[in-house]
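Visitor: my questions concern the predicted model and sequence given below.
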Amino acid sequence: MNHLYFGDNLHVLRKSIKDESVDLIYLDPPFNSKRDYNLLFKTPKGHQSEAQIEAFKDSWHWGEQAAQEFEELKHTTNTDVAEIMLALRRFLGENDMMAYLTMMANRLLELHRVLKPTGSLYLHCDPVASHYLKIVLDGVFGKISFKNEIIWKRRYGSFSTVHESTKFGNCVDSILFYTKTDLAVFHPQYSFGDETYRDYVAKTFRHVDEKGRTFRIADLANPAPRPNLMYEYKGYKPPKNGWAISREKMKLWDQEGRLWFPKDPNGRIQRKRFLDELKGKPVQCLWDDIDMISSQSAERMGYPTQKPLALLERIISASTTDGDTNAVVLDPFCGCGTAVHAAQKLNRKWIGIDITHLAISLIEKRLNDAFYDKTKSAAEQPCQFEVHGTPKDYDSARNLAERDKYQFQWWAVSLVVAQPYQGKKKGADGGIDGLKYFDDYGANGETKKIVISVKGGNLKADDIRALNHVREREKAEIGLLITLNPPTDKMIADATTAGYYESETIKKKYPRLQILTIDGLLTGKERAEHPDAAPDVNFKKAKREKDRTKQAKLFE
């Protein structure tokens with residue numbers, strides 16, 4: 001079973017992930033860029049782009065939690081890390097960068113613990129903190145465990161800001177590659193994406209044999225004198241220094257159709273190198289053949305800092321073995337789930353961790369869109385995973401509401417497959433916690449809106465009237481009130497006075513105001529009522545995956 005965890009990855013790692021149980025770790029943590037990143041949702045034509053919500057703040061500050069985590073580092077059994085962090089604190093002081101590095105050091109120690117001796121770690125970062133992170137990683141993994149600093153060229157072209165800058169434009173990220181021991185799994189990777197390489201292939205592979213296989217011819221002469229390889233073969237004399245292969249191998253290649261014989265009897269036998277056997281250009285530490293995800297990319301899920309699937313497929317293919325279905329890939333900052341998507345596609349097991357319900361619900365939808373097979377039962381689905389940390393019953397839902405009302409709201413909105421609305425600023429939501437759209441083609445082919453309000457505490461007598469006011473103000477056809485506590489009979493009666501929305505497409509009426517309880521949604525006894533036969537207009541849909549065992553070729 002694969003596992004998706006909601007929670008602080010430090011706590012999840014310590015509580016739920018066993019020692020030496022993971023084959024590969026990829027982490028794309030916040031970069032300490034001092035920016036706020038918004039999740040952009042799909043907006044149907046004719047509606048404003050209202051549904052933007054803060055996915056995470058990439059800002060760190062020295063405070064009580066940072067000081068507490070630093071105290072843990074001072075007493076860690078890894079004395080190298082303790083010394084490094086003390087030295088960094090003396091150099092940097094108690095500031096935002098030190099808070100960020102403290103957060104990372106504690107988690108890297110746990111990640112080292114859960115990694116198998118044959119395992120590898122890839123840490124994705126940018127130049128803001130990469131030099132500090134490398135020092136911390138040297139302390140965690142040891143001075144000789146560093147393998148590569150992979151440079152990913154993530155951006156092409158130029159931007160107007162570059163012309164006004166006082167420095168060169170930044171178009172690359174770093175991926176720091178470490179292994180736990182010298183026993184780590186590694187498979188060289190190859191690419192067909194380089195333009196120079198593609199030109200070489202086009203110019204040199206110009207022949208086609210009787211079976212339709214494209215090939216080029218290559219010399220079979222030995223570069224140095226080899227008296228023992230001076231033999232004639234089928235009347236063709238050997239080169240000056242002899243052949244490069246033995247007579248036995250010459251016969252074998254002849255039987256396999258790997259030899260090219262010239263029409264001139266005085267010519268020289270050549271070797272056929274077939275294009276379909278070409279692995280490609282060996283991948284080095286500069287990766288400039290994988291494009292970043294553009295605003296128009298079919299992969300784009302709307303999540304900030306989303307990385308391309310091909311990038312993760314390459315990393316997983318390099319440091320786990322094809323066919324090893326027990327290999328486990330871990331992403332402790334899984335965001336929109338690209339690493340777990342790639343692991344599932346390549347038939348590896350996976351563990352994903354994220355600290356927001358926003359990410360967890362997005363990953364669940366992404367995996368179901370990409371891998372759900374309508375022809376199979378639930379038990380036979382190719383993508384089986386268990387979600388931990390999200391409420392499963394009333395008590396756990398109430399606990400979440402008491403601890404963090406925004407996480408509760410985002411989770412509750414996900415129960416009706418809707419978009420969370422706006423951010424955490426007081427009064428910014430205008431009485432709206434979520435938005436959902438549906439198509440009703442009979443109603444002039446327009447996309448209709450549903451507004452959602454979430455209540456995690458006590459209900460007020462005028463909550464229904466307030467929701468109806470918001471519905472009318474927003475020109476929404478339906479309003480949903482999702483509540484932790486059961487509504488009163490008076491509230492249910494008030495909801496019926498709003499009337500019904502009548503679908504012209506399927507000739508059915510739907511209450512304009514609907515009250516849904518958390519318990520009813522969790523047990524499946526209640527659901528939002530609206531036309532839903534049309535294609536999903538609320539979220540970007542992940543491409544359906546067909547072949548889940550092979551890495552996609554780049555630039556096919």
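Guide: Good, I have the coordinates. Because the structure is predicted, anything quoted here is derived from the model rather than measured.

Visitor: so what does Trp152 have for phi and psi?
Guide: The phi/psi pair for Trp152 (degrees, to the nearest 10) reads phi -100, psi 120.

Visitor: now do Cys285
Guide: The phi/psi pair for Cys285 (degrees, to the nearest 10) reads phi -90, psi 0.

Visitor: list the residues that contact it.
Guide: Cys285 makes contact with Asn148, Glu149, Ile150, Ile151 under the criterion C-beta atoms under 8 Å, 6 or more residues apart in numbering. The C-beta positions use only the backbone N, C-alpha and C, and glycine is treated the same way.

Visitor: do Ala224 as well
Guide: Asn241.

Visitor: that one and Asp264: what is the separation?
Guide: Distance, Ala224 to Asp264, by C-beta to C-beta, to the nearest Å: 26 Å.

Visitor: mind picking the two most distant members of the contacts of Cys285?
Guide: Asn148 and Ile151 (9.2 Å; C-beta to C-beta).

Visitor: show me how far stretch 191-200 is from its chain's centre.
Guide: 27 Å (C-alpha atoms, centre = their mean, to the nearest Å).

Visitor: could you do stretch 320-335 as well?
Guide: Distance, centroid of stretch 320-335 to centroid of chain: 12 Å (C-alpha atoms, centre = their mean).

Visitor: tell me the buried residues in that stretch?
Guide: Thr320, Ala327, Val328, Val329, Leu330, Asp331, Pro332, Phe333, Cys334, Gly335 (16 or more other C-beta atoms under 10 Å).

Visitor: report the lowest-confidence entry in the residues you listed.
Guide: Lowest pLDDT of the buried residues of stretch 320-335: Gly335, 87.

Visitor: how far away is that one from Val12?
Guide: Distance from Gly335 to Val12, by C-beta to C-beta: 15 Å.

Visitor: cool, and Asp80?
Guide: Counting by C-beta to C-beta, the gap from Asp80 to Val12 is 25 Å.

Visitor: which one of the two has more residues nearby?
Guide: Val12 (21 against 15; other C-beta atoms under 10 Å).

Visitor: tell me which element that one is part of?
Guide: helix 9-16 (DSSP states H and E).

Visitor: what does that helix rub up against?
Guide: When contacts are defined by C-beta under 8 Å, 6+ apart, helix 9-16 is touched by residues 3, 5, 106-107, 110-111, 113-114, 332-333, 353-355, 388-389.

Visitor: of the residues you listed, which belong to helices?
Guide: Applying DSSP state H to those, the entries found in helices are Asn106, Arg107, Glu110, Leu111, Arg113, Val114.

Visitor: select from the residues you listed the one having the most neighbours.
Guide: Leu111 (25 neighbours).

Visitor: what's the per-residue pLDDT of that one here?
Guide: 98.

Visitor: enumerate every residue touching it.
Guide: So Leu111 contacts Leu13, Ile25, Leu27, Leu121, Leu330, Pro332 (C-beta under 8 Å, 6+ apart).

Visitor: with Lys374 instead?
Guide: Lys374 touches nothing, counting by C-beta under 8 Å, 6+ apart.

Visitor: so it: helix, strand or coil?
Guide: coil (DSSP: H, G, I helix; E, B strand; the rest coil).

Visitor: ditto for Thr118
Guide: Strictly by three-state DSSP, Thr118 counts as strand.

Visitor: pLDDT weak spots in the stretch 151-300 of the chain?
Guide: By pLDDT under 70, the low-scoring segments of the stretch 151-300 of the chain are 156-164, 193-194, 295.

Visitor: contacts for whichever helix or strand comes after the helix holding Val12?
Guide: Where DSSP H and E defines the elements, the next helix or strand beyond helix 9-16 is strand 22-27. Residues outside strand 22-27 that contact it (C-beta under 8 Å, 6+ apart): 111, 114-116, 118-124, 185, 312, 315-316, 319-320, 324, 327-333, 339, 348, 351.

Visitor: do stretch 188-202 as well
Guide: 275, 278-283, 288-290, 314, 317-318, 553-555.

Visitor: the residues you listed, buried ones only, as a PyMOL selection?
Guide: Listed next is the PyMOL selection for buried residues among the contacts of stretch 188-202, using 16+ other C-beta under 10 Å:
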select buried, resi 278+280+281+283+288+289+290+314+317+318+554
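
Visitor: what about the contacts of stretch 188-202, which are in helices?
Guide: Short answer: those in helices (DSSP H) are Arg314, Ser317, Ala318.

Visitor: who's in contact with the first one?
Guide: So the one you mean is Arg314. Here Arg314 is in contact with Gln189, Val283, Trp287, Ile290, Gln551 (C-beta under 8 Å, 6+ apart).

Visitor: do the last one as well
Guide: Taking C-beta under 8 Å, 6+ apart, we find Ala318 in contact with Phe186, His187, Pro188, Gln189.

Visitor: just Leu312 next, same as before
Guide: When contacts are taken as C-beta under 8 Å, 6+ apart, Leu312 is in contact with Tyr26, Thr338, Ala339, His341, Ala342, Ala343.

Visitor: give me the subset of these that lies in helices.
Guide: Counting by DSSP H, the contacts of Leu312 place Thr338, Ala339, His341, Ala342, Ala343 in helices.

Visitor: now render these as a markdown table, adding distance to Asp404, pLDDT and neighbour count.
Guide: Output for the ones in helices among the contacts of Leu312, formatted as a markdown table (distance: C-beta to C-beta, whole Å; pLDDT from 0 to 100; neighbours: other C-beta atoms under 10 Å):
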| residue | distance to Asp404 | pLDDT | neighbour count |
| --- | --- | --- | --- |
| Thr338 | 25 | 95 | 27 |
| Ala339 | 25 | 97 | 32 |
| His341 | 27 | 96 | 27 |
| Ala342 | 30 | 96 | 27 |
| Ala343 | 29 | 97 | 27 |
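
Visitor: going by distance to Tyr394, which of the residues you listed wins?
Guide: His341 (32.0 Å).

Visitor: export the helix holding Val12 to CSV, keeping only CA atoms.
Guide: Output in CSV follows, covering the C-alpha atoms of helix 9-16 (Å, rounded to 0.1, in the frame of the first residue of the first chain):
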residue,chain,number,x,y,z
ASN,A,9,6.9,15.9,8.0
LEU,A,10,9.2,16.0,11.0
HIS,A,11,6.4,14.5,13.2
VAL,A,12,5.3,12.0,10.5
LEU,A,13,8.9,10.8,9.8
ARG,A,14,9.5,10.2,13.6
LYS,A,15,6.2,8.6,14.2
SER,A,16,5.3,6.6,11.1
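
Visitor: and the spatially most central residue of the chain, how close does it get to Leu367?
Guide: Closest residue to the average C-alpha location of the chain: Thr338 at 1.4 Å, with C-alpha atoms, centre = their mean. Per C-beta to C-beta, Thr338 is found 11 Å from Leu367.

Visitor: burial check on the closest residue to Pro332 other than its chain neighbours, number of neighbours?
Guide: In space, and not counting its chain neighbours, Pro332 is closest to Asn9: 4.0 Å by C-beta to C-beta, 6 or more residues apart in numbering. Neighbourhood size, Asn9 [other C-beta under 10 Å]: 24.
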